[in-house]
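Peer 1: any chance you could fold what I've pasted below:
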Amino acid sequence: MVEQTSAAVWGYALAAVAFGLFGVYLAAAWRGRGAGGRLLLAVGSSAAWCVASAAMISGLAYASVAAILLSVVRDAAWLAFVVGLIGQIDGSHRRWPARVAVVVVVLRLATAVMAVLNLPWPVDPQRALIFLHLVAAVYALVLVEQLYRLLPAESRWGLKPFCLAMAASAVFDLYLYADAFLFGAIDRDIWSIRGLAHALVLPLIAISASRVPGWAIRLSVSREMVFHSTALAASGLYLLLVAAAGYYVRYFGGDWGRALQVTLFFAALLLLGVVAVSGTQRARLRVWLNKHLFPYRYDYRNEWLKFTRALSASGDHQDLGQTTIRALADLVESAGGGLWLDDGQGRFVMRARLNMPESSAEESADDPLCRFLAAEGWVFNLEEYRMRPKTYGNLTPPRWLSEMEDGWLVVPLTADEALIGFVVLLAPRTPVDINWEVLDLLKSAQRQAASYLARMQAAEALIEARKFDAFNRMSAFVVHDLKNLVAQLSLMLKNAERHKDNPEFQADMLETVAHVEKKMRDLMQQLQKKTTIERDRPMDLGLMLLRIGKQRAHLKPPVTVTLDTSPVLVSANAERLERVVGHIVQNALDATGENGMVTACLRRLDAGRAQIEIADTGCGMSPQFVRDQLFRPFQTTKASGMGIGVFEARQYLRELGGDIRVDSTPGEGTVMQLTLPVLPPTADDVAAIAQSDAEP
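Peer 2: Residues are numbered from 1 along each chain as shown. Sure, this is the predicted structure:
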């Protein structure tokens with residue numbers, strides 16, 4: 001008996017919590033008008049009645065009085081709500097539903113008051129209360145039947161869950177009080193779960209509240225929550241049935257009972273696992289729920305967020321193609337598909353696929369299918385075409401598409417009103433009706449996907465253009481270096497006629513040819529990317545200037561090199577730095593006549609910096625040229641120059657943390673000052689530099 005009382009208390013307490021939470025949700029969603037106020041009153045009075053009933057079972061003082069009176073208030077609130085709905089849709093303005101409801105409520109209230117006050121009554125008050133409960137349940141069924149009959153056929157979809165909920169509650173009360181009236185006492189087992197029974201119909205009431213705008217309640221039932229809760233409930237029901245079957249097998253299976261029970265449980269759990277991970281079964285459940293429980297098939301906000309999140313989360317370009325297919329396929333429960341994109345030459349080729357074999361099929365932008373997709377923007381349904389080909393006019397799908405056994409939908413991808421590709425979706429896991437709602441969703445989603453894919457194509461084109469730009473820039477530097485090497489060879493050949501019999505000239509010529517051959521080989525290797533760029537290492541600027549002057553010792557005027565007394569070390573790529581400094585020295589020689597003067601001076605500055613000053617007495621440059629053109633590529637004053645040597649020099653000096661300053665006067669000459677950060681000299685660095693200098 002104690003266990004039964006405890007179960008009844010918990011039952012009514014849980015029902016009170018359910019009604020209370022639903023009432024709070026209704027209060028937050030109510031817009032202050034319509035039938036929502038009466039519904040909120042009915043739910044609130046139900047919550048109060050459940051609380052009083054739980055308190056009465058627990059034995060609290062005066063709780064029984066409150067429970068009896070609140071039961072009358074609760075029934076009156078629900079009857080008033082149903083009568084109000086009938087009044088809104090009843091064109092004949094019948095008054096008997098409201099009048100009969102008032103009579104039933106007044107009689108119940110009078111009986112309850114007399115029972116509470118122990119007033120004399122011609123019949124047994126307890127039996128009268130039971131009878132009037134029975135009358136109220138019957139009348140509630142009558143009102144629900146009237147409400148459903150008065151509803152137009154096209155409007156029953158909205159109130160059908162509410163009518164089912166009210167009818168179920170009334171039938172439960174009818175059974176409870178008919179049994180009590182027949183046997184003269186209420187069955188306590190049935191009465192203990194009455195609160196939970198009435199609370200179980202709340203989801204149906206919530207569905208109607210979300211479907212009927214006239215109630216002025218903005219309820220949003222999460223599709224994901226309904227899907228998961230329905231799947232959980234179905235799994236629980238399945239396990240209960242399996243448990244019942246296992247119980248039967250164990251107790252009626254003889255010696256094999258326990259073994260058969262274990263086998264049955266294992267097979268049942270295995271089957272549940274297979275169904276749970278099956279995409280086809282999940283798709284069927286989702287379609288069934290969307291079709292029967294919601295006014296629209298899709299939760300557009302959730303679908304749009306999920307679709308955008310899927311596209312944004314993709315990694316590389318191949319992932320974006322597969323993600324696009326998966327995102328579009330999930331909208332219509334498709335198993336996968338293929339993505340065809342424009343290759344830049346007006347042909348659409350497969351770029352990605354999902355659960356679909358590789359295809360070499362190509363479509364030209366001028367083919368009928370692509371023209372149809374670009375002009376109409378329609379989703380091409382192969383199943384519809386096979387049944388009603390005239391729907392698509394004179395369009396004939398290509399042979400490879402017609403022969404695709406699992407081909408289903410062809411979704412165009414349009415960005416800025418231009419067709420950039422299309423997606424062929426495979427047949428769905430479960431039958432899906434392609435109506436206007438599905439088509440509108442696919443059209444909106446394909447534009448979003450097309451914008452991402454167009455951005456991907458633009459990024460690919462930009463990367464390719466940058467690669468060409470980098471290659472062209474490197475080629476320009478290589479050609480510039482080749483020009484300098486050709487100039488050295490030309491000068492050597494020019495002097496060969498006069499000095500070819502001179503042994504010193506012959507040795508110098510061989511050294512020059514070997515130097516040019518090595519430089520050209522290095523350039524070829526860099527172009528072919530067979531060697532990596534040498535890392536920066538300590539180098540002596542003084543030794544570098546001496547080498548540059550020695551290489552040009554046979555030229556006129558000679559280069560006068562002046563060095564600092566101590567070694568000046570910098571961290572740089574020795575070959576590249578020597579090349580850019582040598583280019584500036586060569587420019588000074590080219591701008592200066594044979595009777596002029598070119599000097600290269602190295603000095604140490606304060607703040608850990610060094611300066612190479614290259615001065616000449618040549619033709620000089622105008623201030624406007626120095627300011628606007630000298631450091632721009634392909635700008636030069638020399639007839640055979642390319643105009644990238646000084647540009648490369650400043651770029652590299654700035655990479656090293658230095659800079660270049662130019663002071664030039666036309667007709668007087670030019671002074672170029674190259675500043676670089678220096679390294680503190682160490683014994684190891686000096687030894688390493690000396691060793692590298694001693695190597696041939």
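
Peer 1: how many residues are close by residue 305?
Peer 2: 11 (other CB atoms under 10 Å). C-betas here are computed from N, CA, C, even on glycine.

Peer 1: following element in sequence after whichever strand or helix holds it, please.
Peer 2: Here residue 305 sits within helix 300-312, counting by DSSP states H and E. Note on helix 300-312: by DSSP H and E, the next helix or strand toward the C-terminus is helix 317-331.

Peer 1: which elements pack onto that next one?
Peer 2: With contacts taken as 3 or more CB pairs under 8 Å, 6 or more residues apart in numbering; DSSP states H and E, helix 317-331 sits against helix 300-312, strand 337-342, strand 347-354, strand 418-426, helix 436-499.

Peer 1: reformat those as TSV; add mean pLDDT and distance to residue 128.
Peer 2: Below are those laid out as TSV (pLDDT from 0 to 100; distance: least, CB to CB, whole Å):
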stretch	mean pLDDT	distance to residue 128
helix 300-312	72	53
strand 337-342	93	70
strand 347-354	91	71
strand 418-426	93	68
helix 436-499	74	55
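
Peer 1: for stretch 358-369, what is the distance to the chain centroid?
Peer 2: 29 Å (CA atoms, centre = their mean, to the nearest Å).

Peer 1: start and end of it, how far apart?
Peer 2: Its start and end residues considered, stretch 358-369 measures 20 Å (CA to CA, to the nearest Å).

Peer 1: any buried residues in it, and which?
Peer 2: Within stretch 358-369, the residues scored as buried using 16 or more other CB atoms under 10 Å are 361, 363, 368, 369.

Peer 1: repeat for stretch 111-119
Peer 2: Those would be 111, 112, 115, for stretch 111-119 by 16+ other CB under 10 Å.

Peer 1: ok, back up a step: strands - which of the buried residues of stretch 358-369 land there?
Peer 2: residue 363 (DSSP state E).

Peer 1: between the buried residues of stretch 358-369, which sits nearest residue 94?
Peer 2: Of all those, the one with the least separation from residue 94 (CB to CB) is residue 369, at 61.9 Å.

Peer 1: and the closest one, how far is that from residue 331?
Peer 2: Distance, residue 369 to residue 331, using CB to CB, to the nearest Å: 22 Å.

Peer 1: reformat the helices and strands packed on helix 317-331 as TSV; add distance to residue 545.
Peer 2: Below are the helices and strands packed on helix 317-331 laid out as TSV (distance: least, CB to CB, whole Å):
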stretch	distance to residue 545
helix 300-312	56
strand 337-342	57
strand 347-354	56
strand 418-426	58
helix 436-499	18
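
Peer 1: and residue 101, that's in a helix?
Peer 2: Yes. Under DSSP: H, G, I helix; E, B strand; the rest coil, residue 101 sits within a helix.

Peer 1: run through who's touching stretch 543-553.
Peer 2: Residues outside stretch 543-553 that contact it (CB atoms under 8 Å, 6 or more residues apart in numbering) are 515, 558-561, 563, 574, 577-578, 581-582, 585-586, 589, 600, 602, 612, 689, 693.

Peer 1: quick check: phi and psi on the residue sitting furthest away from the middle of the chain?
Peer 2: Here the chain reaches farthest from its C-alpha mean at residue 501, the gap being 78.1 Å by CA atoms, centre = their mean. Here is the backbone geometry of residue 501 (degrees, to the nearest 10): phi -90, psi 0.

Peer 1: contact partners for residue 594?
Peer 2: Counting by CB under 8 Å, 6+ apart, residue 594 has contacts 556, 557.

Peer 1: what does the pLDDT read for it?
Peer 2: You'll see residue 594 listed with a pLDDT of 85.

Peer 1: list phi and psi for it.
Peer 2: phi -60, psi -30.

Peer 1: from residue 146, how far off is it?
Peer 2: 120 Å.

Peer 1: repeat for residue 67
Peer 2: Distance from residue 67 to residue 146, counting by CB to CB: 30 Å.

Peer 1: what does residue 200 give?
Peer 2: From residue 200 to residue 146 the distance is 24 Å (CB to CB).

Peer 1: going through the contacts of stretch 543-553, which ones are buried?
Peer 2: Buried among the contacts of stretch 543-553 (16+ other CB under 10 Å): 559, 561, 563, 574, 577-578, 581-582, 585-586, 589, 600, 602, 612, 689.

Peer 1: buried set for stretch 343-353?
Peer 2: 347, 348, 349, 350, 351, 352, 353.

Peer 1: so what touches stretch 105-116?
Peer 2: Residues contacting stretch 105-116 (CB under 8 Å, 6+ apart): 65, 68-69, 71-72, 75-76, 79, 119, 121, 125-126, 128-129, 132-133, 135-136.

Peer 1: same check on stretch 383-403?
Peer 2: By CB under 8 Å, 6+ apart, stretch 383-403 touches 359, 361, 363, 367-369, 372, 378, 380, 382, 407-408, 410, 424, 434.

Peer 1: now do the buried residues in it.
Peer 2: With the criterion 16+ other CB under 10 Å, stretch 383-403 contains buried residues 385, 392, 395, 397, 401.

Peer 1: which of these lies closest to residue 312?
Peer 2: residue 401 (30.6 Å).

Peer 1: give me the pLDDT for that closest one.
Peer 2: For residue 401, pLDDT reads 91.

Peer 1: look up how far residue 373 lies from it.
Peer 2: 12 Å.
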